[in-house]
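Asker: mind folding the following:
(2 chains)
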2 protein chains.
Amino acid sequence: MKIVIIGGVAGGASAAARARRLDEKAEIIVLERGKHVSFANCGLPYHIGGIIEDRDDLILQTPHSLKASLNLDVRVGHEVTGIDRTKHTVTVKELETGRSYIEPYEKLVLCPGASPITPPLPGIDHPSILVLRNIDDMDKIKAKIDAGVTSAVVIGGGYIGIEMAENLSGRGLEVELVEMVDQLIPPLDREMARELENHVTAHGIRLHLGTAATAFRDISGKLSVELKNGELLKTDLAILCVGVRPETQLAKQAGLKIGSCGGIKVNSQMQTSDPDIYAAGDAVEVVDTITGLPALIPLAGPANRQGRIVADNLMGIASKYTSTQGTAIVKVFDMTAGMTGATEKTLKRTGIKFCKIYIHPSSHAGYYPGATPMHIKLLFDPDNGLVLGAQITGFDGVDKRLDVFAIAIRAGMTVYDLKDLELAYAPPYGSAKDPVNMAGFVAENLLKGNVEFWYAEDYPGKTKDGLIIDVRGPQEFESWHIPGAANMPLGKLRKQLTELSKAKSIYLYCKVGFRSYLAYRILKQNGFKSVATLAGGSMTFFCYHNTKINKL
Amino acid sequence: MKIVIIGGVAGGASAAARARRLDEKAEIIVLERGKHVSFANCGLPYHIGGIIEDRDDLILQTPHSLKASLNLDVRVGHEVTGIDRTKHTVTVKELETGRSYIEPYEKLVLCPGASPITPPLPGIDHPSILVLRNIDDMDKIKAKIDAGVTSAVVIGGGYIGIEMAENLSGRGLEVELVEMVDQLIPPLDREMARELENHVTAHGIRLHLGTAATAFRDISGKLSVELKNGELLKTDLAILCVGVRPETQLAKQAGLKIGSCGGIKVNSQMQTSDPDIYAAGDAVEVVDTITGLPALIPLAGPANRQGRIVADNLMGIASKYTSTQGTAIVKVFDMTAGMTGATEKTLKRTGIKFCKIYIHPSSHAGYYPGATPMHIKLLFDPDNGLVLGAQITGFDGVDKRLDVFAIAIRAGMTVYDLKDLELAYAPPYGSAKDPVNMAGFVAENLLKGNVEFWYAEDYPGKTKDGLIIDVRGPQEFESWHIPGAANMPLGKLRKQLTELSKAKSIYLYCKVGFRSYLAYRILKQNGFKSVATLAGGSMTFFCYHNTKINKL
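Answerer: Residues are numbered from 1 along each chain as shown, chains lettered A, B, ... in the order given. This next block holds a predicted model:
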């Protein structure tokens, strides 16, 4: 068996290594256009920021090490320029010498990845505008900073954009960040990004949300970034982080099927429309776990697993890739944000019915030092309670709960299952009722009719004809309350019931939603017909309506 | 509906609160023998240690606060001395006044908990021997330390014993710990506790494992603890942490069924043998998720959830408690240790077939600062790959992986599912191939015949007739190797194959098991019939054979 693998980073490296482990006798050639294989692409921003000090730490393997351990023929600086499917050959260009040669294959594996999008804007080829894809890109950006530039504009507020902004800021640069969508991390639902924005701003990064770069100009040696909103940002350096595009040129030239999202089309064995050609990683189109629709979800974990699955199938071991649920996480200075499964915006866009709840539990037992609040949004099926998606932001323990939700989705669990999970509890790590259990309790209460919610977006519209009742204490009420709300603290509610009109709809709220849930139960069981409690309380209300967080 | 609940901490408090939320009109009386309800019993050692500074932080609710928010009639210092099931009454003794009264109930809920075991040893009633169950106990221990005692002996090396030892040590006391079983944390498999023992010892705690206290004596004001091995420990203070026993006296007196393990027998609705009496928490016997056998597993999470389930069933909401899998975790100075599901010793004891693997992955991407090794033991069904149990020790990220394994067990997942889990990855949080995925990969390889293991316990016995080959580098080999092993570094193995005899069994090993797995693949595919690789590598070997860890 002779296997040729195009691309030697995540998917390609995994496929090559697993193929060798399964077949000691196969001839395995890895053709990598860049200078490095199997490098830690997720670590690049952190070497620029000086967090990962040693550049060599990012280079996990070399052609030499892969020859020694796995007997792989790894050729860096070798670009494949064409595929001849009939002859079963690829044309390879050795970049250093310019020499071209033909390499035959029995099975071909495409792992070209995705390339950073460079929007066709005026001045986009200015030498101070850079992208970050590989070690070379990283070296270029780092060299500029080491040379003493003092300001940077990051274009794009997704995961990579935020990591870049944080690391540039960590190097002492004045950093501005421009994001076309009116929020940081566009994949998240809008309200879930708000606290991150406050946090990033508090760390000195100036955000320009809901506007885009329209042109770049050189003004006496400084780069000037023109924004759609008319602002002009002068900077030493711009980093483009506006997303990636699957590298499908070779696949297209070879006549392989391309999917509706623009990625290489593969079946569940990661086989392209040509049975002798497999593909894995950011260039392929996957099935979205929740929507069932084709999607481009470039993530390191899936790329690695797909590479392994390719090798299995090449070697006759039946192995399937089912779907990608889009579990993602990002460090945002001291905060962590992430998601798994579908967001509200995805569910709305695809017409999938959902319920949602918000909770704000402690990362661990409140009485043990270091507990911090986290913010969880859980989406689930209104009929059967199936978990559809979760988003979390916070300071500690976010990654753990994301993983729990991720596996719940993978296992096809419902919110009823969440409440019964037996998770590891000791005060430094969690609570006897873990945040995930709590999410299950609240969701169950909603589905079983033990509580009804109103949502921040119902204000002021829907709430106008009713009474908004704040059941927090008088001091909390005084410090801030929803305009139009009356105060009726929970502890006195039972005695004040006669003061409330049963003719009006009552919209309860408190800080996080627990006291108002108790109030809801009291009112409902005392004959009040139209009662609802604010999902996520004033904390979610603040995030939705962008009231200044310090007022909370 | 009139509900009387005996015990107002975890299960009792949860039952009372949920019952009120479901039924505003019910009369709910909570009778608590102690002075506090709903206190943070898991936090007690940490207040003694000064980690939780404010004692009030441990008192989560008071009778007053529960009256205000939930209209509960909470009576602390009220001990139930008898149950009359025919008359539907309990006899209550008000401890402060000595007055007794009769309280009728329609439904009774037993949440008496479990009490610390006090072994009937000579001198056990010495005033310097204390237990830790409630706030009073905590106050007593703390008072002694505040008064300046300088040494303590902790009897019992389970979870509470370790927390006590750590916190006493944190207060500057000389601490010795005595554990009858020859390991710390007896529920763990022996080899998984070894590194914890080294860590605890490195923190200045003297361990006496595999021996027991046999008598206590007062020797001129100092307490003297006699050990079975003849040692005599002189100390200011002894804390008994030798386990707990379910409080079943009331249930027995009332003629309720007691299970084979000595806990109150309940059905899946948490109903005792009397349909009007429910029970929850540490006093009840549960079903073990993995073995299906009755078990006593006193844990805060299950107690809280059982309380909630009791309330649901009282109020006509069908709600079931299925089983307890024994997910537990403990902080051990800078380390974390925990388990979920069954251990090897449990599986052996109950005759359940299993396979086991060991891995030692990084807590997060090795190139990102702060990555630390963790040690995972995974047990699974040899036929279908069902996950049966996991144990983890390490410094960071242990709680997260424990939770993932815990939910995998709850979801009935197999090791094949583990490898496909899409977990949250960014360099500060994990690896593209998470430790849990890695465990899945290794287990799959074993089940599919891509690897065969030998185990640390096979040495020296089974390995005597074969060749032990160390495939690490020559420097690693020189610094330490398994006595009798030959060195054949992986990178040169393919060229040295002819030096190896195909007639002998070959026992490969490296540090963690990865290089030796590659070596296994090379040998097997080159016609070597009898080859195995050491599960968990020399790291697990060290833990099993207690070779000095610093030799690694």
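Asker: give me the three-state assignment for A:Phe541.
Answerer: helix (DSSP: H, G, I helix; E, B strand; the rest coil).
Asker: which residue, neighbours along the chain excluded, lies closest to it?
Answerer: Leaving aside its sequence neighbours, A:Phe541 sits nearest to A:Ala456 (C-beta to C-beta, 6 or more residues apart in numbering or on different chains; 4.5 Å). Glycine gets a C-beta too; all of them are placed from N, C-alpha and C.
Asker: so that neighbour touches A:Ser538, yeah?
Answerer: No: counting by C-beta atoms under 8 Å, no contact exists between A:Ala456 and A:Ser538, whose distance comes to 9.1 Å.
Asker: who's more crowded, those two?
Answerer: More neighbours surround A:Ser538 than the other of A:Ala456 and A:Ser538, with 26 against 21 (other C-beta atoms under 10 Å in any protein chain shown).
Asker: contacts only, for the more buried one.
Answerer: Under the criterion of C-beta atoms under 8 Å, 6 or more residues apart in numbering or on different chains, the neighbours of A:Ser538 are A:480-482, A:509-511, A:552.
Asker: and the residue most central in space within chain A, its phi and psi?
Answerer: Geometric centre of chain A, nearest residue: A:Ala328, 3.8 Å, by C-alpha atoms, centre = their mean. Backbone dihedrals for A:Ala328, given as degrees, to the nearest 10, come out at phi -140, psi 150.
Asker: what of A:Asp236?
Answerer: phi -90, psi -20.
Asker: ok, it touching A:Ile141?
Answerer: No: counting by C-beta under 8 Å, A:Asp236 sits too far from A:Ile141 to count as a contact (11.3 Å).
Asker: neighbour count for the two, which is higher?
Answerer: It is A:Ile141, of A:Asp236 and A:Ile141, that has more neighbours when counted by other C-beta under 10 Å, with 24 against 19.
Asker: okay, and that one sits in which element?
Answerer: A:Ile141 is located in helix A:135-146, with elements delineated by DSSP states H and E.
Asker: so for that helix, mean pLDDT?
Answerer: The average pLDDT for helix A:135-146 rounds to 97.
Asker: do the same with stretch A:346-353
Answerer: For stretch A:346-353, mean pLDDT rounds to 98.
Asker: how about it: buried residues?
Answerer: A:346-347, A:352 (16 or more other C-beta atoms under 10 Å in any protein chain shown).
Asker: what residues does that stretch touch?
Answerer: Where contact means C-beta under 8 Å, 6+ apart, the residues beyond stretch A:346-353 that reach it are A:290-291, A:293, A:342, A:354, A:379, A:381-383, A:388-389.
Asker: need these in TSV (columns: neighbour count and secondary structure).
Answerer: TSV is the format used below for the contacts of stretch A:346-353 (neighbours: other C-beta atoms under 10 Å in any protein chain shown; DSSP: H, G, I helix; E, B strand; the rest coil):
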residue	neighbour count	secondary structure
A:Ile290	26	coil
A:Thr291	18	coil
A:Leu293	12	coil
A:Ala342	26	coil
A:Phe354	19	coil
A:Leu379	24	strand
A:Asp381	18	coil
A:Pro382	12	coil
A:Asp383	9	coil
A:Leu388	26	strand
A:Gly389	26	strand
